[in-house]
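Q: Below: sequence and its predicted model.
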Amino acid sequence: MSPQTIDLKAAAGPAAFDLSLDAIFRPRSIAVIGATPRAGTIGRQILHNLSQYEFTGPLFPVNPNHSVVHSFKCYADVRDIPDPVDLAFIIVPRHVVVPTLEACARKGVRGVVVITSGFKEVGGEGARLEAELLDTVRSSGLRMIGPNSFGIVNTEPAFRLNGTFGKPSPLPGRIALVSQSGALGETILVHAEELGVGFSMFASIGNKTDLSGTDLLQYWGRDPHTDVILMYLENFGDPRRFTRVAREVSRTKPVIVVKAGRTAAGAKAARSHTGALAGRDVSVDALFAQTGVIRVSSIQDMFDVALGFVSGQVPKGPRVCVVTNAGGPGILATDALVAGGLEMATLADETKVALRKELPEQASVENPVDLIASADASRYAAALDLVASDPAVDAVVTIFVPPLMVDAEAVGGRLIETASRHSKPMLNCLMGERHGADWIRKIKRAGLPVYAYPESIALTLSAMERWRAWRARPEGRTPTFDVDVATAAQLVRSAGREALVGARAMQFLECYGIPTVPTGGAKSAQEAVKQARSCGYPVALKLLSPDAIHKSDVGGVRLDLRTDSDVESAFAEIEAGLARHNPNARFDGVCVQAMAAGGTELVVGLTTDPQFGPLVMFGLGGVFVEILKDVVFRVHPLSDRDALEMITQIHGYPLLQGARGRPVIDPALVADVILRVSQMASDLPEIDQIDINPLVAGADRFKLAAVDARIIPQAAVTEMPPGT
């Protein structure tokens, strides 16, 4: 195999297999409880689909009102079945589900799929019944998918299980798909059938009362028949467990997720810059970035990306060459590839000389290689052979717009032949033609990814490159620093239900080895002068008030004060400004600080998401942090690799590299602060939010210092007024 590609099947590793879900996906026998002969019912359709798909074991309809259903002998009770039963589909009224589960347990059934709906998704009595259902499943040792499930599929020839009540007949393949929505699950299966996409397994998990998407991710991660895992999720049951499982599975198999709910606002009022910037979707993006999960925006994008991965190989790098017979689509492809973070490969001089010999004078031998509209099958084959042989190319994009005078089927045949001679991925954009055409179906059956538009290929290659880069990076380690936890904890406790600010906040940071500027507190102008002399001129004065989160909005910051009179005047102005803004606001004096040496203003923060736990933030800081929003989040705990990647992924990273004469900042010094903040979340769970803003960074460790900070205890979250 060429070193240019990654073989997904080889990467999957040994098939050490989790047998706990085999009773559901690999049953030897199935009971359909609630089967009925009446057309148009779910009970009949599931039995019909199991039969028509040729399930390899015995099927047992169960319904006390019928002796025969769909030509199968029907039993009044699951316990009346004389043979063993591994799996039961349950389609009975919701108030009968629990007794049915109890009967299944006594029969020795090991797995159940509850199709019945009307549980917690409708609230009230449904929620109570679902809690009872869960108790029954846990106490009996059953494993359950549902309730409110659309069903499951396993196309493996040894089982041939289509336990859904939809019309599609799933094609076999090497993609596993879990959908939290039953209705969307059927839509996905229909769409996949139209695209010619096959599955190894499918599951609609419904309310996921017992088995969750994470359980299936773990199961399929070890399934030797699955190469790619797709997930449609509406929420996470246990994000921390998902993180552990996804990180492990993504090392060997691509995990592609559509996560609904991007626009949901965070559940908690923000009391800090970090909290204000940490919406719920930010948490999801952070989790996926740390686990190698590929997030896409739509079902169509999910299938587009899956087609690239299921072809079996991933490009070794980001360099792409486009071969086209139409200039416009070639330009579109180039723009989309570059926008997706990929590179247009620079072809070797030898490749261009060889191309020139094969192509007409009007053709372009630069990337994108334009064969012009008259290009036939032989011209495509020659050009693709040369491009795919160039060591500077990691992947090839073929664009073909069939003109009337060219035999499209012949071109398709040569695409298949050429791809078979090369190990580099070839992704094909076939425009202006129905994708149900026979010649295009042949290309798909040969395992080549086919797309209608070049932008879809760019999205796919970008996702493949991100996954490749994530797998290639070192896993990193989570360091532990020697810090003064006892003093830090005492400072937090002393704050009670208020934020820790000013000099006490600086003292807290010093407990964790984070450098600060000399700082003191003052409740009068005279005290402010005394503190200024102690810190050393020039100094800054900053308002201390629990009623003004954003100090600069109320004139609460005065900088570069060089004399005693400057300090006295600034103190009076700050106190008066707060009173004008809010006559009822509490004035706790000012924080007096030595002016920090010049540098770049950064922000490091921590906030606690009620579902995801602590999130650590890094970005460009200062008074415009919430306007610029140039920040990156990661889910705690962080590794050293996570911290360094946070720094390089902000848009303003060039500023830290010395752009426009700025000082060059050592990322390791900033990463050290980020990791120490992450440790705070482990050491002090009583903290809800932290802002270090700004953290001023210069060219060396002597020019790195926290200038302002706010530490908010959990106890303060419900007491403090929201920021303005």
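A: Nice, thanks for sending it over.
Q: Now do the contacts for T563.
A: Counting by Cβ atoms under 8 Å, 6 or more residues apart in numbering, T563 touches Y537. For the C-beta atoms, the positions are set from N, CA and C on the backbone; glycine is no exception.
Q: How about the one 4 residues further on?
A: By Cβ under 8 Å, 6+ apart, the residues touching V567 are A525, A528, V529, A532, V539, L541, L561, V592.
Q: Find the helix or strand that it is a member of.
A: In the assignment (DSSP states H and E), V567 maps to helix 564-581.
Q: hmm, who's touching the helix or strand following that helix?
A: Using DSSP H and E, the next helix or strand after helix 564-581 towards the C-terminus is strand 590-594. Contact with strand 590-594 is made by 501-503, 517-522, 528, 531-532, 535-536, 538-544, 567, 571, 574, 707-708, as judged by Cβ under 8 Å, 6+ apart.
Q: State the paired neighbours of the next helix or strand after strand 590-594 in the sheet, together with their directions.
A: The helix or strand immediately downstream of strand 590-594 is strand 600-609, counting by DSSP H and E. Here strand 600-609 is paired, per DSSP bridges, with strand 613-620 (antiparallel), strand 687-697 (antiparallel).
Q: right, and the ones you listed - which one's nearest D484?
A: Proximity to D484, assessed across those by Cβ to Cβ, is greatest for strand 687-697 (15.0 Å).
Q: I'd say S311 and A446 touch.
A: No - S311 is beyond contact range of A446, at 9.9 Å (criterion: Cβ atoms under 8 Å).
Q: So A35: helix, strand or coil?
A: coil (DSSP: H, G, I helix; E, B strand; the rest coil).
Q: My guess is it contacts I91. True?
A: Yes - A35 sits in contact with I91 when judged by Cβ under 8 Å, with a separation of 7.4 Å.
Q: which residues are in contact with both of those two?
A: Here A35 and I91 have G43, I46 as joint contacts, going by Cβ under 8 Å, 6+ apart.
Q: and R434, how many neighbours?
A: R434: 8 surrounding residues under other Cβ atoms under 10 Å.
Q: I should have written C104 there, sorry.
A: So C104, with other Cβ under 10 Å, has 27 neighbours.
Q: what about the residue nearest to it when sequence neighbours are not counted, distance to E102?
A: Take C104 and drop its neighbours on the chain: the residue closest to it by Cβ to Cβ, 6 or more residues apart in numbering is A88, 5.1 Å away. Remark: distance between A88 and E102 (Cβ to Cβ, to the nearest Å) = 12 Å.
Q: out of the two, which sits in the more crowded spot?
A: A88 (31 against 14).
Q: and that one, that one's in a helix?
A: No - counting by three-state DSSP, A88 is not part of a helix but strand.
Q: what's the burial count for the closest residue to E130 other than its chain neighbours?
A: The shortest distance from E130 to any non-neighbouring residue, by Cβ to Cβ, 6+ apart, is to F119 (3.9 Å). Residues lying near F119 (other Cβ under 10 Å) number 26.
Q: need the contact list for F119.
A: Contacts for F119 (Cβ under 8 Å, 6+ apart) come out as R94, G126, A127, L129, E130, L133, P147, N148, N207, T209.
Q: Counting by contacts, list what the helix or strand V137 falls within packs against.
A: Per DSSP H and E: V137 is located in helix 125-140. With contacts defined as 3 or more Cβ pairs under 8 Å, 6 or more residues apart in numbering; DSSP states H and E, the packing partners of helix 125-140 are helix 94-107, strand 143-145.
Q: I'm done for today, thanks for sticking with me.
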